[in-house]
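In: The sequence and its predicted three-dimensional model are supplied below.
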Amino acid sequence: MTTSTETIAAIATASGAGGVGIVRLSGPASLSIARTLCGRALRARHAHHVRFRDADGAVLDDGLALAFPGPASYTGEDVVELQAHGSPVVLQQLLSRCRMLGARLARPGEFSERAFLNGRLDLAQAEAVADLIAAGDERAARAARRALDGVFSDRCETLAAELLHLRVYVEAMIDFSDEPIDTLGGDEVARRIDALAASLSQLLAEAEQGRRLRDGLHAVIVGPPNAGKSSLLNALAGVDRAIVTDIAGTTRDLLHETLRIGGLELTLVDTAGLRSEGDAIEREGMRRARAELQRADLALVVLDARDPDAGWVSVEDAIADVADRIVVHNKTDLHAADASGKHDALRVSARTGAGLDTLRDALQLRLGGDTLAGEGAFTARQRHVDALREAADAVDDARGTLAAQHLELAAESLRVAHDAVGAITGQVLPDDLLGHIFSSFCIGK
Ligand SMILES: Nc1nc2c(c(=O)[nH]1)N(C=O)[C@@H](CNc1ccc(C(=O)N[C@@H](CCC(=O)O)C(=O)O)cc1)CN2
Ligand SMILES: Nc1nc2c(ncn2[C@@H]2O[C@H](COP(=O)(O)OP(=O)(O)OP(=O)(O)O)[C@@H](O)[C@H]2O)c(=O)[nH]1
Ligand SMILES: [Mg+2]
């Protein structure tokens with residue numbers, strides 16, 4: 001257990017006026033700072049109604065003070081909460097007073113970082129705290145809650161334990177490598193590596209879904225100029241967000257809009273129409289459109305129903321790497337005949353609204369509907385997915401090298417896999433991983 005010498009303080013409640021606002025302290029001086037500020041000693045885990053006083057004895061506010069002596073606290077250190085009226089001015093005054101009495105301002109995520117360093121939460125759980133706070137819908141909140149409860153961490157730790165076991169075994173085989181592997185239980189190790197590879201790929205798939213739960217689905221509207229991409233964004237969002245004109249090349253910047261479909265969040269991005277000509281501004285817009293497609297889970301391809309093939313040529317290349325796509329033929333109000341068969345396209349009209357419900361249903365299906373929200377689903381981050389993929393690759397390598405009787409290489413691959421899985425829960429800490437993770441938290445969390 002690490003103990004910090006510095007006492008940190010922050011406003012723990014959201015900025016702006018509120019019913020109640022909380023200043024939170026953590027560290028060795030918390031209790032003495034509170035005693036001075038409240039004019040009395042605080043009993044552990046009791047709510048005291050007190051007056052918070054400034055240096056000159058003036059009353060800053062009255063409120064509730066709570067002390068949680070370590071280690072039975074959120075951070076594992078001595079923690080104090082000053083629960084005042086939710087006035088930003090009063091909360092700032094309380095915070096300044098805490099600083100005068102020896103606390104320093106907490107960095108973003110520093111309370112949770114200390115909770116991690118003191119073993120109150122593992123790293124994936126600490127990340128789940130931030131993901132819970134940022135959850136955009138109920139499904140994401142439930143899944144973050146499960147990650148916070150350790151559902152994901154437990155799975156990682158089971159894998160890490162098995163990896164450790166295999167490492168020990170393979171290292172032992174190296175020490176006895178004069179003898180043939182099969183007499184050393186090589187078959188048994190191979191079987192266990194196979195089982196481990198299967199568990200890893202199962203967890204990787206679930207973590208990928210968890211990443212989508214956390215980040216929401218990212219859909220990029222793409223198509224030739226003038227097909228009605230911006231009109232469709234406006235129609236789906238139900239607001240007049242993007243500029244629409246009959247001039248090809250109207251949209252240049254990326255335009256993000258958050259949609260809710262069936263209670264689930266979807267980010268929709270409007271982009272510049274793709275074509276081979278265009279001035280410097282339009283070309284920059286197309287470059288951005290292509291870059292945005294690299295991050296897309298789904299391409300929403302908009303073609304003009306009157307000439308879908310012409311448009312298709314311009315987008316085919318750009319969407320080659322996108323995992324999923326929905327093709328729509330727009331402006332069907334101008335084109336009655338059904339030419340959509342070729343791309344398995346949905347027929348819509350951004351102008352009249354025809355076909356938009358069907359499109360919404362298709363989007364909702366892609367959002368995962370119930371499958372993503374299944375029992376036991378948890379949120380995960382790209383960092384976790386990358387780590388599991390690295391581990392899966394390394395375990396595959398170990399399988400091969402073991403079969404070829406290269407025990408040292410197999411041992412090294414297992415070590416790499418073990419470290420990768422360990423970094424998810426923070427059992428293993430690569431350089432500056434903590435700074436990287438916690439700096440994106442809210443202050444006071
Ligand atoms: N007012 C307030 N509400 C809050 C928090 C907080 O810090 N303050 N939390 C902060 O994010 C969350 C709750 N998380 C917490 C986690 C552990 C402990 C704690 O004192 N744990 C001790 C005692 C365990 C017990 O009695 O249940 C421990 O783990 O030993 C407190 C809050 C959400 N609500
Ligand atoms: N009749 C009809 N016109 C439409 C429909 N959707 C869009 N339009 C018209 O088509 C023209 C182009 O629409 P935009 O939404 O700006 O097209 P865009 O694909 O965003 O075009 P760029 O931004 O230039 O790439 C505008 O005049 C729209 O009013 C539709 O469903 N029916
Ligand atoms: Mg546009």
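Out: Structure received. Ligands and ions are numbered 1, 2, ... in the order given.
In: can you give me the helices for this protein?
Out: Counting by DSSP state H, one finds helices in the chain at the ranges 30-38, 88-100, 110-117, 123-134, 138-148, 151-175, 186-215, 229-237, 280-294, 308-316, 356-366, 382-403, 407-425, 433-438.
In: deepest of those, which one?
Out: Per-stretch averages of neighbours, counted by mean count of other Cβ atoms under 10 Å, single out helix 110-117 among the helices of the chain, with a mean of 25. Just so you know, the C-beta spots here come from the backbone N, C-alpha and C atoms, and that holds for glycine as well.
In: Now do that one, average pLDDT.
Out: Within the predicted structure, the mean pLDDT of helix 110-117 is 97.
In: how many degrees apart are that helix and helix 407-425 in direction?
Out: Compare the direction of helix 110-117 with that of helix 407-425 by axes from the mean of the first three to the mean of the last three Cα atoms, to 10 degrees and you get 140 degrees.
In: List of residues touching helix 110-117?
Out: Counting by Cβ atoms under 8 Å, 6 or more residues apart in numbering, helix 110-117 makes contact with 2, 4, 8, 10, 12, 24, 26, 74-77, 107, 121-123, 125-126, 129-130, 426, 434, 438, 441, 444-445, all of which sit outside it.
In: again with stretch 149-169
Out: Everything outside stretch 149-169 that qualifies as a contact, by Cβ under 8 Å, 6+ apart, is 122, 124-125, 128, 146-147, 185, 189, 192-193, 196, 199-200, 203, 206-207, 210, 376, 378-380, 384, 391, 411, 414-415, 417-418, 421-422, 424-425, 427.
In: Out of the helices of the chain, flag the one nearest ligand 3.
Out: Proximity of the helices of the chain to ligand 3 was assessed by Cβ to the ion; the nearest stretch is helix 229-237, lying at 3.2 Å.
In: Retrieve the pLDDT associated with the closest residue to ligand 3 within the stretch 51-200 of the chain.
Out: Proximity of the stretch 51-200 of the chain to ligand 3 (Cβ to the ion) peaks at Gly136, 25.5 Å away. Model confidence at Gly136, expressed as pLDDT, equals 84.
In: now do the one 3 residues further on
Out: In the prediction, the pLDDT value recorded for Arg139 is 87.
In: And Thr3, by the same measure?
Out: On pLDDT, Thr3 comes in at 66.
In: before we move on, what about the one 10 residues further on?
Out: pLDDT, Thr13: 97.
In: Number of residues surrounding it?
Out: The number of residues packed near Thr13 is 19, by other Cβ atoms under 10 Å.
In: Ok, the one 3 residues further on next?
Out: Each residue near Gly16 was counted by other Cβ under 10 Å, and the total is 8.
In: Apart from its chain neighbours, what residue comes closest to it?
Out: Of all residues beyond its chain neighbours, the one nearest Gly16 is Pro88 (6.6 Å), with distances taken as Cβ to Cβ, 6 or more residues apart in numbering.
In: Surely the one you found is in contact with Ala14?
Out: No. Here Pro88 lies out of contact with Ala14, judged by Cβ atoms under 8 Å, at a distance of 10.3 Å.
In: wait, isn't Asp253 in contact with Arg288?
Out: Yes. Here Asp253 reaches Arg288: they are 7.3 Å apart, a contact under Cβ under 8 Å.
In: if I look at Val244, how far off is Arg167?
Out: With distances defined as Cβ to Cβ, to the nearest Å, the gap from Val244 to Arg167 amounts to 60 Å.
In: ignore the last one, Ala47
Out: Here Ala47 is placed at a distance of 50 Å from Arg167 (Cβ to Cβ).
In: what does Ala417 give?
Out: Counting by Cβ to Cβ, the gap from Ala417 to Arg167 is 9 Å.
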